[in-house]
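Student: got a sequence here, can you build the structure:
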Amino acid sequence: MTSAGGDEDLERLVRRLDASSAEDAMDAQAELINRGHRETDVIAPLLRCLPTLSQYGQLCAIEIIEELGDPRAAQPLIDLLTSEHDTVREWAALALTDFPVPEAVPALRQAYQACRSRGIRPDWSEPTGIRFALTALGARKTRRPAPDRGPPDHHVRRRRGVAVDPAARRAR
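Tutor: Next up, the predicted model:
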């Protein structure tokens, strides 16, 4: 645990995730991860500041949460699924796969429906990440590929269960 002065120091570090330079933000991120691995509670101050961070700061925070794997971060990650920033929503969904939290499933489903209502193509990264999270949490089954029906060559046809190659017929 940290003292009151230590908490203030950690909050300053968390606020540096919003630094004007990416280098300063990444230095703060690395220091928070380092302190978190040394049994210092960096998650509590991180979660307190999370909603007020910029997009870049929130992305750095998500990486810290993933690295430290603290389950207290599950609900704040669920809350980030409604962020105005698509990358934050996607990263939050993917980070939720690190925690077995079934209560994330309804929020993930809502986030996916919100993607669809915004007209985001299903093959873009945000809906793909959300579907991956739903699958990882057991709320979605992966589609099984069709049974093997032979080579995917469109020139080969099947007649009565026997492959017929039109090119071979012309050669006769």
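Student: rest of the way, CA atoms for contacts and neighbours
Tutor: Will do.
Student: name the helix or strand of the protein that has the lowest mean pLDDT.
Tutor: When the helices and strands of the chain are scored by mean pLDDT, DSSP states H and E, strand 157-159 comes last with a mean of 50.
Student: model confidence at the residue nearest to the spatial centre of the chain, what's the number?
Tutor: Central residue of the chain (CA atoms, centre = their mean): residue 94, 1.9 Å from the mean position. With respect to pLDDT, residue 94 has a value of 96.
Student: mind checking how far it is from residue 74?
Tutor: According to CA to CA, to the nearest Å, residue 94 and residue 74 sit 11 Å apart.
Student: which stretches of the chain form helices?
Tutor: Residue ranges of the helices in the chain, as given by DSSP state H, are 4-15, 22-37, 43-49, 55-68, 74-80, 86-95, 104-117, 125-136, 166-171.
Student: out of the ones you listed, which one sits most buried?
Tutor: helix 86-95 (a mean of 23; mean count of other CA atoms under 10 Å).
Student: show me what that one is packed up against.
Tutor: helix 55-68, helix 74-80, helix 125-136 (3 or more CA pairs under 8 Å, 6 or more residues apart in numbering; DSSP states H and E).
Student: hmm, 6 Å instead?
Tutor: Other helices and strands packing on helix 86-95, by 3 or more CA pairs under 6 Å, 6 or more residues apart in numbering; DSSP states H and E, are helix 125-136.
Student: can you report phi and psi for residue 100?
Tutor: Residue 100 adopts backbone torsions of phi -80, psi 80, taken as degrees, to the nearest 10.
Student: format the CA atom coordinates belonging to stretch 92-100 as CSV.
Tutor: C-alpha atoms of stretch 92-100 as CSV (Å, rounded to 0.1, in the frame of the first residue of the first chain):
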residue,chain,number,x,y,z
ALA,A,92,-11.4,-1.6,-23.5
ALA,A,93,-13.3,-4.5,-25.1
LEU,A,94,-10.1,-6.4,-25.8
ALA,A,95,-8.8,-5.7,-22.3
LEU,A,96,-11.9,-7.2,-20.8
THR,A,97,-10.9,-10.6,-22.2
ASP,A,98,-8.2,-10.6,-19.5
PHE,A,99,-10.9,-10.7,-16.8
PRO,A,100,-13.6,-13.4,-16.5
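Student: which residues are contacting it?
Tutor: With CA atoms under 6 Å, 6 or more residues apart in numbering as the contact definition, stretch 92-100 has outside contacts at 77, 129-130, 133, 136.
Student: check those residues and tell me the two furthest apart.
Tutor: Pairwise distances across the contacts of stretch 92-100 peak at 15.5 Å for 77 and 136 (criterion: CA to CA).
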